[in-house]
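# structure for the following, please:
(one chain, ligands or ions: 1)
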Amino acid sequence: MKEKLEQIKIAALREIESAVSTAQLNDIRVKYLGKSGEISLIMRDMANVPKEDRPAMGKLVNELRAAVEGALTEKTERLAFAEKQARLKEETLDITLPSGERGLGSLHPLTLVRRELIDIFSVMGFKVAEGPEIESDLYNFQLLNIPKDHPSRDMQDTFYVNENFVLRTQTSAMQARIMTTTQPPIRVVIPGKVYRSDDDASHSPIFNQFEGLAVDKHITMGDLQGCLTTFAKKIFSADTEVRLRPSYFPFTEPSVEVDVTCSMCHGEGCRVCKGTGWVEILGAGIVNPAVLDMCGIDSKTYSGFAFGFGIDRIAMIKYGIPNIKLLYENDMRFLAQFN
Ligand code: PHE
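Down below sits the predicted model:
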């Protein structure tokens, strides 16, 4: 028996020593220490050992068991460490390898133009304001001298939210908001989204306007013309000319429509300006005294000018964009051109 134990010990330790993987060590553990492993069987056989020999034998078997277990544990640790080192080596990342292509983003053309416009008007002393896109009928129409059921409401195809609220059709709504809460001097520009039920190559149901309002003592049409000429020369080119044509808006009196010389052909006449050399870019005028009074500004003391145009239209002219939809489709092939 003693010899048998000695043999098992030698065999087991040799197998453990020559094992090359933790998987192999596991098999060895089962072979010797598992439920029907060799050492476990001997322990079970103890019943057949003469009673007086049992304590000594028991001690030997326990020693054998401890020796095998110790060797297994020690070798397992060593192999596990080696295996981990090997895996780490195999899995190293080469962080110096170039990564996949990822292009640099760019600002949307509408953002570019809006920022440029704000810069131009800031220099002329205008502050920037913003307002709600769901607007009350009061600010969008009534305080701008467009009463309910007035025919001039047909100038704009309105999305009604309910009887008293609309998706604002014009940033002019902010004129009323500002004039009812602020006394002159006022110099403010308002960029923002507006909505109209309109849809073709040059009209989108959502588009962006840029409004301007100046109210002070002695403001005249000359101030309006000077301001808009400065703006046109800066946003297009220094040789751009401006012309004012009489027009009609309920909230300005007199009203004008403003044309600039075509930036494509510089007034020669081309496809963009339909051969006329001029393109219309905005509506403007002297703030209607009735509007000043309705908003709580004394029209005997103060006068003002206001203008409004589509940022989209300026971008289309400036960059030669043929269809307004391009500005809202987010096609990367289009947007990537504004890097
Ligand atoms: N709100 C007008 C429009 O959307 C433009 C405008 C603004 C006209 C300010 C005059 C003064 O057509």
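
# run a quick neighbour tally on residue 213.
Residue 213 is flanked by 25 other residues according to other C-beta atoms under 10 Å. For glycine as for every other residue, the C-beta is placed from the backbone atoms N, C-alpha and C.

# Provide the strand pairings for the helix or strand containing it, with the direction of each partner.
Secondary structure from DSSP states H and E places residue 213 in strand 206-216. Neighbouring strands of strand 206-216 in its sheet, by DSSP bridges, are strand 186-195 (antiparallel), strand 303-310 (antiparallel).

# for that strand, buried residues please.
For strand 206-216, the neighbour count (16 or more other C-beta atoms under 10 Å) marks 207-215 as buried.

# whatever helix or strand comes next after it versus strand 186-195: what angle between them?
Counting by DSSP H and E, the next helix or strand C-terminal to strand 206-216 is helix 221-235. Helix 221-235 and strand 186-195 meet at an angle of 60 degrees, taking axes from the mean of the first three to the mean of the last three C-alpha atoms, to 10 degrees as the criterion.

# the helix or strand following helix 221-235 vs the ligand: in contact?
Downstream of helix 221-235, the first helix or strand assigned by DSSP H and E is strand 242-249. Yes: counting by C-beta under 6 Å from any ligand atom, the ligand is contacted by strand 242-249 at residue 249.

# now strand 242-249: buried residues?
Of all the residues in strand 242-249, those buried under the rule 16+ other C-beta under 10 Å are 242, 244, 249.

# same for it, what does it pack against?
helix 221-235, strand 252-261, strand 278-287 (3 or more C-beta pairs under 8 Å, 6 or more residues apart in numbering; DSSP states H and E).

# quick one, longest helix in this structure?
Longest helix of the chain, by residue count under DSSP state H: helix 54-90.

# centre of the chain to that helix, how far?
What separates the centre of helix 54-90 from the centre of its chain is 59 Å, taken as C-alpha atoms, centre = their mean, to the nearest Å.

# and stretch 209-222, by the same measure?
Here the centre of stretch 209-222 is set off from its chain's centre by 34 Å, with C-alpha atoms, centre = their mean.

# quick one: average confidence on it?
If you average the pLDDT over stretch 209-222, you get 98.

# can you check stretch 92-99 too?
Averaged across stretch 92-99, the pLDDT comes to 85.

# kindly report the same for stretch 115-133.
Rounded mean pLDDT across stretch 115-133 is 98.

# any chance you could map the strands in the stretch 1-150 of the chain?
All strands of the stretch 1-150 of the chain, identified by DSSP state E, counting those that start in this stretch, fall at 127-128, 134-136.

# could those strands be laid out in CSV, adding mean neighbour count?
Shown next, in CSV, are the strands of the stretch 1-150 of the chain (neighbours: other C-beta atoms under 10 Å):
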stretch, mean neighbour count
strand 127-128, 13
strand 134-136, 18
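
# can you tell which of the ones you listed is closest to the ligand?
strand 134-136 (12.5 Å; C-beta to the nearest ligand atom).

# which residues of the stretch 1-150 of the chain fall in helices?
Under the criterion DSSP state H, counting those that start in this stretch, the stretch 1-150 of the chain contains helices at 2-18, 22-33, 38-45, 54-90, 109-123, 137-140.

# next SSE after the last one?
Going down the chain from helix 137-140, the next helix or strand is strand 165-167, by DSSP H and E.

# buried set for the longest helix of the chain?
If you call a residue buried by 16+ other C-beta under 10 Å, then helix 54-90 has these buried ones: 57, 60-61, 64-65, 68, 71-72, 75-76, 79.

# adding pLDDT, write those out as CSV.
As requested, the buried residues of helix 54-90 are exported to CSV (pLDDT from 0 to 100):
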residue, pLDDT
57, 85
60, 86
61, 87
64, 87
65, 90
68, 88
71, 88
72, 89
75, 90
76, 89
79, 88
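
# list just the nearest of the residues you listed to the ligand.
Within those, the smallest distance to the ligand is 79.8 Å, found for residue 79 (C-beta to the nearest ligand atom).

# check contacts around that closest one.
19-22, 25 (C-beta atoms under 8 Å, 6 or more residues apart in numbering).

# tell me who's in contact with the closest residue to residue 221 other than its chain neighbours.
When the adjacent residues along the chain are set aside, residue 221 lies closest to residue 286, with 6.1 Å between them (C-beta to C-beta, 6 or more residues apart in numbering). Residue 286 makes contacts with 219-221, 224, 252-254, 303-305, as judged by C-beta under 8 Å, 6+ apart.

# got any ranges where the protein has weak pLDDT?
Scanning the chain with the threshold set as pLDDT under 70 gives 155.

# residues from it in reach of the ligand?
Within the chain, the positions near the ligand by C-beta under 6 Å from any ligand atom are 170, 172, 249, 252, 283-285, 306-308.

# compare those and tell me which is most surrounded.
Sorting these by how many neighbours each has (other C-beta under 10 Å) puts residue 172 first, at 28 neighbours.

# wait, doesn't that one sit right on residue 308?
Yes: Residue 172 is within contact range of residue 308, at 5.8 Å (criterion: C-beta atoms under 8 Å).
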